[in-house]
Structure formats: structure tokens, C-alpha cells
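**Q** Fold the following for me, if possible:
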Amino acid sequence: MINAQNRRDKDAYLTYKAEVLLSSPKTVKRDNTHLSHILNWAGDTLLTRGASIRPTFPAYLVAQTELAPSTVQRTLDVSQRFLRWCVERYPNRYAPKRINQWIETLHVRNLSQEPKTRSIYTCSDIEAILAIPTRDGTLTNFRDQAGIAFLFASGMRIDAFVSMPINCLDFKTMPPTIRQWPTRGVRTKLNKAGTTMLAPIRPLMGLIREWDVLVRSTLPETALWYACLSTDGTNLLDKELASNSRDQQLRLGLKRLCERANIPYRNPHMLRHGHAVYVKSHSTHPSREDAIAYNLMHGPRTVTQIYTAATEELAREVYSSLDETVPETAELRMESLLRKIIHEEFKAHRS
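**A** Modelled structure (predicted):
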């Protein structure tokens, strides 16, 4: 049985995150899941007496749940932030000195003996995905390949990308401009507006442009760039709003294409990491890290960074200076030709 006061404190904290910190509904929902563990652990005991509960909360998570080590650590981190907020909000009930000592014990050392590694997507991974034949009579692979290439070249968050309408992408500028504007329906983190750009990575830009030509010639500019398809995958649908689960289509497409390309599947967020590593390694501009942070729409973390934050002009300068010497492979050139043939057949079918 969960203590009613503990539940009220948790609900108040989540409301604060949503209304004051403007955390996204996904973040609030995720934190609610993490905090459910500490409420279940405490049962009918007030969290203000958490230091006396046995087994301890970290020991409970490790021994009595089936959470992955990374999830255990994340749960402890969220719980610490929640309890510190309670101490600040309700100092009379949460007795700061005693509670703070307990909060500091909410961690697990050496939870995994394996070193933590982060496997990102590389440009060669994306080229392997783009070289997969699309000759299946549908637009499904073509659309997902274009989406994967776009995520790597732009560094966008997946939810922002799948909700981006055609009119937010401008190929008239160099590098191409992306208007990540919530006023146009783009679902950015914290509803932050930003004008970012595509890195001019030659092997990727050809496919991105091909898909862009297809959707612009078929759909109104207010329709989604990562367009919805008919059930049989042969027609583009004129839809302007992305469903809340729209990103799942791209995640499934990425997993399917990784399997076909014989490369390990990783979370789509690793495309964003891959973008940052690619730009950093292919630019010699002294301000490239500031430009990457700008393009990823990362907020400044210190007062100094607030005054030295990169501008759109600086980011454009850095991205324009990228090394474009990576050649297109023969497989990519052949696939580009075949896609053009598919385009003509698609147009002829519509007419």
C-alpha cells in the first residue's frame, strides 16, 4: 500500500516539472515511472523516514526489480532530484539535515563491471543503409532511408523531425535551412524555436534532395516531410499533423534497414550523436563546437556560455566549411538512378 502523502508529494513535483520547468509530457511520464519505484519501496512509510527502511532503496532496486543497470541509476537520479525538491518545498516535514544525508546515499557503485560504451552511427553506416535496394514497388524504404539520412545530417531530435512540415526546409540557402518552429507544428524540446541547418554531406544529400523533390511535387507544403504512406506503401498521404506515436514508424524502419545492411541497430538518438562527431571531425573551424551546440539546439549551461552562445551566422559559417571530399559509392549512384526511375513510374501512375 502506497502512503497517500508520498503520492501527493510526487504528484506535486510532477506538476511543478510540467508547469514551471516546462518539461515535455514524455519527460513527466518517464519521471512518474521512475518515482513509482521509490513509492512502492516505501509502501505505507513516509519518505521522510526513508533512512530507516530496509532494504535500502538502492539495494531494493538491484535485488527486487528486473531493471537494467542504467535504468537503476536513472531511477536513483530522478529520486534524488525529487527528494531535494521536497526538502526545499517542505522543509518542516523533510528535516533538511537528516534527509540530505540519506539522499546522498542513493547511488550504486560498480553496478556493472563492463565499461560504459556509446555506439554511435557513422557516415559509413548511413551509406550502407542508403545502398539497400528500394525495388520493392513501395515508397517505404525510400522514405525511411531519407529520414535516417536527414536525422544524421541535421542532428534533429526524432520527434521534431517526424512533425516537421515541408515548408520548414529551405534548400535555397547553403547549407539548407531547417526552421524548427513550434508555430509551424514542429515538436521541439520545451517548445524552443530554432533555425538550424543540414550538414552538406555529399553521399546523403542526394537522397534527401530526391525525397524532397518527390514530396514537394506531390503534397502541399504544409504536409509532413516524413510523409504518411497508404496501407500498401505506394501513395503519399496529405497529413499535416503527426500523431504522438509517429516516431515509432521511423524507429521500426531504422531497425529493419539496419538488419538488412548487417549493421548493429542503435537508438535513433545515436544518429544525433553521430552528427555531432561527424561535424567535429570534418571541420577545422575554431568555433565548431559552439556551432554544433547551436545546431543541436542545446541550451547554454553556464553564465559564460550565455554570453558566448553561437549565432545562426556562425553556425552557417562552420557548416559551410565542412569537408565534402567523401565520395559517393558506386552502389549509391546506382540506387540514385533506380530511385529516379521509380519516381517517373510513380508520377505516371498518379497521372
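**Q** how many other residues sit next to the residue lying closest to residue 121 once chain neighbours are set aside?
**A** The shortest distance from residue 121 to any residue that is not its chain neighbour, by C-beta to C-beta, 6 or more residues apart in numbering, is 4.0 Å, and that residue is residue 274. For glycine as for every other residue, the C-beta is placed from the backbone atoms N, C-alpha and C. Each residue near residue 274 was counted by other C-beta atoms under 10 Å, and the total is 22.
**Q** I'd say residue 274 and residue 152 touch.
**A** Yes: the criterion here is C-beta atoms under 8 Å, and residue 274 meets it with residue 152 at 5.6 Å.
**Q** Now do the residue nearest to residue 121, the pLDDT please.
**A** Per-residue confidence (pLDDT) for residue 274: 93.
**Q** Read off the pLDDT value for residue 110.
**A** 60.
**Q** ok so, going back, now do the shared contacts for residue 274 and residue 152.
**A** Common neighbours of residue 274 and residue 152 are listed as 121, 123, 126 (criterion: C-beta atoms under 8 Å, 6 or more residues apart in numbering).
**Q** Nearest to residue 268 among these?
**A** Taking C-beta to C-beta as the measure, residue 268 sits nearest to residue 121 out of those, at 8.9 Å.
**Q** Show the contacting residues for that closest one.
**A** For residue 121, the contacting residues are 152, 266, 270-271, 273-274, by C-beta under 8 Å, 6+ apart.
**Q** Spatially, which residue comes closest to residue 87, not counting chain neighbours?
**A** Nearest non-adjacent residue to residue 87, counting by C-beta to C-beta, 6+ apart: residue 94, 4.6 Å away.
**Q** Output the below-cut-off pLDDT ranges for the stretch 201-350 of the chain.
**A** Regions of the stretch 201-350 of the chain meeting the criterion pLDDT under 70 cover residues 299-310, 323-350.
**Q** which residues in this protein form strands?
**A** For the chain, the strands defined by DSSP state E cover 169-170, 177-180, 194-197, 228-229, 236-237.
**Q** Export those as CSV, with columns for distance to residue 57 and mean neighbour count.
**A** Below are the strands of the chain laid out as CSV (distance: least, C-beta to C-beta, whole Å; neighbours: other C-beta atoms under 10 Å):
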stretch, distance to residue 57, mean neighbour count
strand 169-170, 47, 16
strand 177-180, 39, 20
strand 194-197, 39, 21
strand 228-229, 44, 16
strand 236-237, 48, 16
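**Q** closest one to residue 141 among those strands?
**A** Distances from residue 141 to each of these were compared using C-beta to C-beta; the shortest belongs to strand 228-229, at 10.9 Å.
**Q** hang on, the earlier thing: would you format the strands of the chain as TSV with distance to residue 101 included?
**A** TSV is the format used below for the strands of the chain (distance: least, C-beta to C-beta, whole Å):
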stretch	distance to residue 101
strand 169-170	53
strand 177-180	44
strand 194-197	42
strand 228-229	54
strand 236-237	58
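**Q** Compare those and give me the one nearest residue 314.
**A** strand 194-197 (11.5 Å).
**Q** Describe which strands the closest one pairs with in its sheet and in which direction.
**A** Strand 194-197 has the following strand partners under DSSP bridges: strand 177-180 (antiparallel).
**Q** Any regions of the stretch 1-150 of the chain where pLDDT drops low?
**A** Along the stretch 1-150 of the chain, the parts satisfying pLDDT under 70 run over 109-118, 135-136.
**Q** Go again with 80.
**A** 97-98, 109-118, 134-137 (pLDDT under 80).
**Q** In the chain, which residue is most central in space?
**A** Per C-alpha atoms, centre = their mean, the C-alpha nearest to the average position across the chain is that of residue 157, at 3.6 Å.
**Q** burial of the nearest residue to it once chain neighbours are set aside, as a residue count?
**A** Closest residue to residue 157 apart from its sequence neighbours, by C-beta to C-beta, 6+ apart: residue 189 at 6.2 Å. Counted with other C-beta under 10 Å, residues neighbouring residue 189 total 18.
**Q** Next: residue 108.
**A** A count of neighbours around residue 108, defined by other C-beta under 10 Å, yields 16.
**Q** contacting residues around it?
**A** Taking C-beta under 8 Å, 6+ apart, we find residue 108 in contact with 58, 61-62, 69, 72-73, 76.
**Q** Domains in the protein, by residue range?
**A** Residue ranges for each domain of the chain read 4-103, 123-350, as given by automatic domain parsing.
**Q** among these, which is the most enclosed?
**A** Each of the domains of the chain was scored by mean neighbour count; the highest is domain 123-350, a mean of 17, by mean count of other C-beta atoms under 10 Å.
**Q** From the chain's centroid, how far away is that one?
**A** Taking C-alpha atoms, centre = their mean, to the nearest Å, one finds the center of domain 123-350 at 12 Å from the center of the full chain.
**Q** for stretch 14-21, same thing?
**A** Taking mean C-alpha positions (C-alpha atoms, centre = their mean), stretch 14-21 and its chain are 21 Å apart.
**Q** List the contacts of it.
**A** By C-beta under 8 Å, 6+ apart, the list of residues contacting stretch 14-21 from outside reads 23, 25, 27-28, 31-32, 35, 85.
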